[in-house]
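Colleague: A predicted structure for the sequence below; I have some questions about it.
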Amino acid sequence: MKLAAWNVNSLKVRLPQLLDFLATRTPDVVCLQETKLIDDAFPIADLEAAGFRVVFAGQRTYNGVALLSRAEPLDVQVGIPGLEDEQKRVISATVDGVRVVCVYCPNGQSLDSDKYAYKLAWFDALSAWLKGELERHPKLAVLGDYNVAPEDRDVHDPEAWQGCVLVSEPEREQFRKLLALGLKDSFRLFEQPEKSFSWWDYRMMRFRRNHGLRIDHILLSEPLAAACTGASIDRDMRTLERPSDHAPVLAEVALDT
DNA sequence: ATGGCGCCACATTGGCGA
């Protein structure tokens, strides 16, 4: 099973690139973030014609998540149970026996922002919920835009970014709390090139200079991590005309049959 | 020192993302 996560920064704009991605990378499950579409505007027909089942939870202008799968998505759940949140950031489903959780974690804006406090509280709720999900679903994958660069090697210029949002110690602690539940960062299960990033600011030719951050992640429960055969970042999607500022991230797991 | 790009909407500027 090939899993992918991609913050598309507007599915309306990126639909042609997504269809190309689905056809050429042949993923089995794709988690999308920042679709920025109300549900009535979701391009169901285009994606079904490409061979995918689709479930989604959107809103106008901001946020919005979707889960695409070749196999039927079962037990679909929107949001984090018990968390009052109008922002559409989480959708989950079981696909081929794997519980898939698509997350668009809050950005936080800056350390003195209300949005930063919301981000940390949101991660508290995510951790508390995933602890139970891991007990209920041994084969659990949590993938999407975490808006956290876990370590300095995930940052093009750690000194410049030190203490900034996406990199600050409380955010990294929240990410480590997820790992402490028994989740593995699939990307780090393998040898990877130095300076591997998944997001580059549109400005200042950040992509051309590879001035980026690795903030999109595929976390796997231990049984899935043990079956993981590869993980990568699809930089090529960031080279296209009118790209998302995020590249897709991928991981492949060899499921028992 | 600031903003620099791209997307969205009660649009032609401001909010937000990261």
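Modeller: Received the coordinates, thanks. Keep in mind the model is a prediction, meaning the values are calculated, not measured.
Colleague: give me the pLDDT value at residue A:256.
Modeller: With respect to pLDDT, residue A:256 scores 78.
Colleague: so how far is residue A:33 from residue A:40?
Modeller: 19 Å (CB to CB, to the nearest Å). No exception for glycine: its C-beta is placed from N, CA and C like everyone else's.
Colleague: tell me where chain A has strands.
Modeller: For chain A, the strands defined by DSSP state E cover A:2-7, A:29-33, A:53-57, A:65-69, A:74-78, A:90-95, A:98-104, A:140-145, A:184-185, A:199-200, A:212-213, A:216-220, A:228-233, A:249-253.
Colleague: pairing partners for the fifth one, with directions?
Modeller: Take DSSP bridges as the rule and strand A:74-78 pairs in its sheet with strand A:90-95 (antiparallel).
Colleague: for the least confident helix or strand in chain A by mean pLDDT, which positions count as buried?
Modeller: Least confident helix or strand of chain A, by mean pLDDT, DSSP states H and E, is helix A:158-161 with a mean of 94. Neighbour-count burial for helix A:158-161, counted by 16 or more other CB atoms under 10 Å, picks out residue A:161.
Colleague: what about it, near DNA strand B?
Modeller: No. Helix A:158-161 lies out of reach of DNA strand B by CB under 7 Å from any atom of the strand, never closer than 10.2 Å.
Colleague: CA atoms of that helix as CSV?
Modeller: Extracted in CSV, the C-alpha atoms of helix A:158-161 (Å, rounded to 0.1, in the frame of the first residue of the first chain):
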residue,chain,number,x,y,z
PRO,A,158,18.2,26.3,12.1
GLU,A,159,19.9,29.4,13.6
ALA,A,160,17.6,31.7,11.7
TRP,A,161,14.5,29.7,12.6
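Colleague: could you pull up the mean pLDDT of stretch A:219-236?
Modeller: In the prediction, stretch A:219-236 has an average pLDDT of 98.
Colleague: show me where the stretch 1-150 of chain A has its helices.
Modeller: Using DSSP state H, counting those that start in this stretch, the helices of the stretch 1-150 of chain A run over A:11-25, A:44-49, A:114-136.
Colleague: any chance of those in a markdown table, plus mean pLDDT, mean neighbour count and distance to DNA strand B?
Modeller: Written out in a markdown table, the entries for the helices of the stretch 1-150 of chain A read as follows (pLDDT from 0 to 100; neighbours: other CB atoms under 10 Å; distance: least, CB to the nearest atom of the strand, whole Å):
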| stretch | mean pLDDT | mean neighbour count | distance to DNA strand B |
| --- | --- | --- | --- |
| helix A:11-25 | 97 | 17 | 4 |
| helix A:44-49 | 98 | 14 | 15 |
| helix A:114-136 | 97 | 16 | 5 |
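Colleague: let me have those helices in JSON lines, extended by distance to residue A:186.
Modeller: Shown next, in JSON lines, are the helices of the stretch 1-150 of chain A (distance: least, CB to CB, whole Å):
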{"stretch": "helix A:11-25", "distance to residue A:186": "16"}
{"stretch": "helix A:44-49", "distance to residue A:186": "24"}
{"stretch": "helix A:114-136", "distance to residue A:186": "15"}
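Colleague: let me know which of the ones you listed is the nearest to residue A:198.
Modeller: Closest to residue A:198 of the helices of the stretch 1-150 of chain A is helix A:11-25 (CB to CB; 14.4 Å).
Colleague: compute the inter-axis angle for the closest one and strand A:2-7.
Modeller: 160 degrees (axes from the mean of the first three to the mean of the last three CA atoms, to 10 degrees).
Colleague: before we move on, the earlier item: most tightly packed of the strands of chain A?
Modeller: strand A:29-33 (a mean of 29; mean count of other CB atoms under 10 Å).
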